[in-house]
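1. Model the structure of this input:
(one chain, ligands or ions: 3)
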Amino acid sequence: MKVFIKTYGCQMNMRDSEAMAGMLAAKGYEIVEHENKADILLFNTCSVREQAEKKAIGKLGFMSKIKKKRPETIIGVMGCMAQNKKEELLSSVPHLDFVLGTGQLHKLPDVLEDLQKKRQRLSLTEQSEDVLTGMGVHYTDKNTVNPYSAFIAVTRGCNRFCSYCIVPYVRGREISRTIDDVMLEARQLVDSGVKEIMLLGQNVAAFGLNGDTRPPQEGVSPFADLLYEMNEIKGLERIRFTSPYVSYFNNKLIRAMAECHKVCHNVHLPLQSGSDRILKAMNRQYTAESYYEKVLAMREAIPDITFSTDVIVGFPGETEEDFEATRSLFAKVGYTNGFIFKYSPRQGTKAAVMPDQIPQSVKEERNQILLALLEEQTNREISKLSGTVQEVLVEGAARTNKNQLTGRTSTSWVVNFTPQQGTKPGDLVQVRIIRPANVTLVGEEIANA
Ligand code: SAH
Ligand code: SF4
Ligand code: F3S
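-> Ligands and ions are numbered 1, 2, ... in the order given. As a prediction, the model looks like this:
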């Protein structure tokens, strides 16, 4: 049986799809790259904004064609939109066979087996205690773009309930794996050739805090303990993580990042807004000032650190003054990458019923202003790197020039470079930067002395 998996949404969903592929491959299924060749079509969906749901619904509608041509095809929806819409999806998408929620992922092999024996339409969306089952399963095939980099999900779910966000509802309560469990998985990945590990969690720095939403005391950070342990793994070159919540960066965690040389010098630090009034309405438990203090503390400990961020424009009640506060903090931090989202009301969240919803045209305008600012900042920061030497983890052939290889710096810039003879993906090399080309860098590898 051939299975096609289409993934929407964040890295956690990408990771879940990989675990699904791994579980199915172990049962003898073949994972294929094209929907036309598959007997089973799986859609791992996202609900974070209305647009994300629309995309998946549109694609699902299109699948009726495949079902007409090949009625025996099994079509399933999984992930956050499955959890959000539940069995309602079965009535709105007549050619859909099953809906499997985020707490039921591990049941996928059984569900597929049952459906092959006996055709029926089903929806399983209970949140369960088993959300960690199967989390350590990986799948690498020969076509994997970058077999040297892997995700490990260390926490699942979220307890923070930011007032705009659907994630706590669709992903359930926050739960952490144990350090030992994560370390076992990390060692296995490194033994199989992985050089870079990205630790994942909706609230990743809350790892090991048992779902307590109060930021930890000074001196307490199980996430820092994990970084120290991972830093000791022989053969592992780089550690990244996403997404942390700013309040969890206490001195212990910042020190761990500075002391662990494998931890990359780039942090995705969602800001959401630079206005204290809006941050409060969002139920984000920091102020613009305390956010900026953490940025400064990290810069002091790690001078070349770069930051990326998420911002929401047009949150209910956002005035010109609030937006100006966001714009000004955005400029002050000097992000090198960022995602600017137009606020999208999600049913069931507090913000969806707040007064003073902002017109689409205003969201659009504010979005454009921040995007232009980001471009300006990125250009300024990247042009400072000409002439420097950067360490690059090689990922593969450069898309634009097949005589070049491509990879990333620890600070997360993409570098296309002319390699020395014998350099291959997975190598860590020194590259002299010649010039920026748009948002990437161009360089040449320095010969080993
Ligand atoms: N757990 C991550 C965020 C996951 S959602 C964190 O807290 O960092 C990714 C981003 O989507 C959020 O950071 C936020 O900027 C954006 N987002 C979430 N809900 C949204 C909504 N209702 N409308 C617009 N953007 C939203
Ligand atoms: Fe959503 Fe906030 Fe949790 Fe992030 S921390 S997933 S924005 S509720
Ligand atoms: Fe989307 Fe779910 Fe991730 S809502 S952003 S796929 S956790």
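2. How about the residues of the stretch 51-200 of the chain by ligand 2?
-> 158, 160, 161, 162, 165, 167, 168 (CB under 6 Å from any ligand atom). The C-beta positions use only the backbone N, C-alpha and C, and glycine is treated the same way.
3. Let's see that with 5 Å instead.
-> 158, 160, 162, 165, 167 (CB under 5 Å from any ligand atom).
4. Which ones among these lie within helices?
-> Secondary structure from DSSP state H places residue 167 of these in helices.
5. Pipe the residues of the stretch 51-200 of the chain next to ligand 2 into CSV and attach distance to ligand 3 and pLDDT per row.
-> Output for these, formatted as CSV (distance: CB to the nearest ligand atom, whole Å; pLDDT from 0 to 100):
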residue, distance to ligand 3, pLDDT
158, 8, 96
160, 13, 96
162, 13, 98
165, 9, 98
167, 5, 98
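6. Counting neighbours, which of the residues of the stretch 51-200 of the chain next to ligand 2 end up buried?
-> Those of those that meet the buried threshold are 158, 160, 162, 165, 167, by 16 or more other CB atoms under 10 Å.
7. can you list those residues in JSON lines and add distance to residue 85?
-> Formatted as JSON lines, these follow (distance: CB to CB, whole Å):
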{"residue": "158", "distance to residue 85": "19"}
{"residue": "160", "distance to residue 85": "23"}
{"residue": "162", "distance to residue 85": "21"}
{"residue": "165", "distance to residue 85": "17"}
{"residue": "167", "distance to residue 85": "15"}
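8. what's the closest of these to ligand 1?
-> residue 165 (4.4 Å; CB to the nearest ligand atom).
9. Excluding chain neighbours, give the residue nearest to the closest one in space.
-> In this structure, residue 165 finds its nearest non-sequential neighbour in residue 349, 6.4 Å apart by CB to CB, 6 or more residues apart in numbering.
10. I figured the one you found was touching residue 163, is that so?
-> Yes. Assessed by CB atoms under 8 Å, residue 349 is found in contact with residue 163 at 6.2 Å.
11. quick revisit: contact partners for the residue nearest to residue 165?
-> Shown in contact with residue 349 (CB atoms under 8 Å, 6 or more residues apart in numbering): 163, 164, 165, 166, 169.
12. can you tell me how far residue 218 sits from residue 254?
-> Residue 218 sits 11 Å away from residue 254, going by CB to CB, to the nearest Å.
13. That should have said residue 12, apologies.
-> Taken as CB to CB, the span from residue 12 to residue 254 is 25 Å.
14. Look at these two and report which has more neighbours.
-> residue 12 (25 against 18; other CB atoms under 10 Å).
15. Contact partners for that one?
-> 153, 156, 171, 200, 201, 202.
16. and residue 100, how far is that from residue 8?
-> From residue 100 to residue 8 the distance is 15 Å (CB to CB).
17. what's the answer for residue 94, then?
-> 21 Å.
18. More neighbours: those two, which one.
-> Neighbour comparison, residue 94 and residue 8: the larger count goes to residue 8, with 21 against 9 (by other CB under 10 Å).
19. picking up where we left off before, let me know the closest of the contacts of residue 349 to residue 323.
-> residue 164 (15.7 Å; CB to CB).
20. For that closest one, which non-adjacent residue is spatially closest?
-> residue 351 (4.3 Å).
21. What residues does the one you found make contact with?
-> Taking CB under 8 Å, 6+ apart as the contact definition, residue 351 lies against 163, 164, 281, 282, 315, 316, 343, 345.
22. Which among these count as buried?
-> For the contacts of residue 351, buried by 16+ other CB under 10 Å: 163, 164, 281, 282, 315, 316, 343.
23. Adding distance to ligand 1 as columns, could you present the residues you listed in TSV?
-> TSV is the format used below for the buried ones among the contacts of residue 351 (distance: CB to the nearest ligand atom, whole Å):
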residue	distance to ligand 1
163	9
164	4
281	13
282	9
315	8
316	11
343	5
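24. would you list the residues you listed in TSV and tack on secondary structure?
-> Converted to TSV, these look like this (DSSP: H, G, I helix; E, B strand; the rest coil):
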residue	secondary structure
163	coil
164	coil
281	helix
282	coil
315	coil
316	coil
343	coil
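25. okay, the residues you listed in a markdown table with distance to ligand 3 and pLDDT next?
-> Output for the buried ones among the contacts of residue 351, formatted as a markdown table (distance: CB to the nearest ligand atom, whole Å; pLDDT from 0 to 100):
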| residue | distance to ligand 3 | pLDDT |
| --- | --- | --- |
| 163 | 16 | 98 |
| 164 | 12 | 98 |
| 281 | 21 | 98 |
| 282 | 16 | 98 |
| 315 | 17 | 98 |
| 316 | 20 | 98 |
| 343 | 15 | 98 |
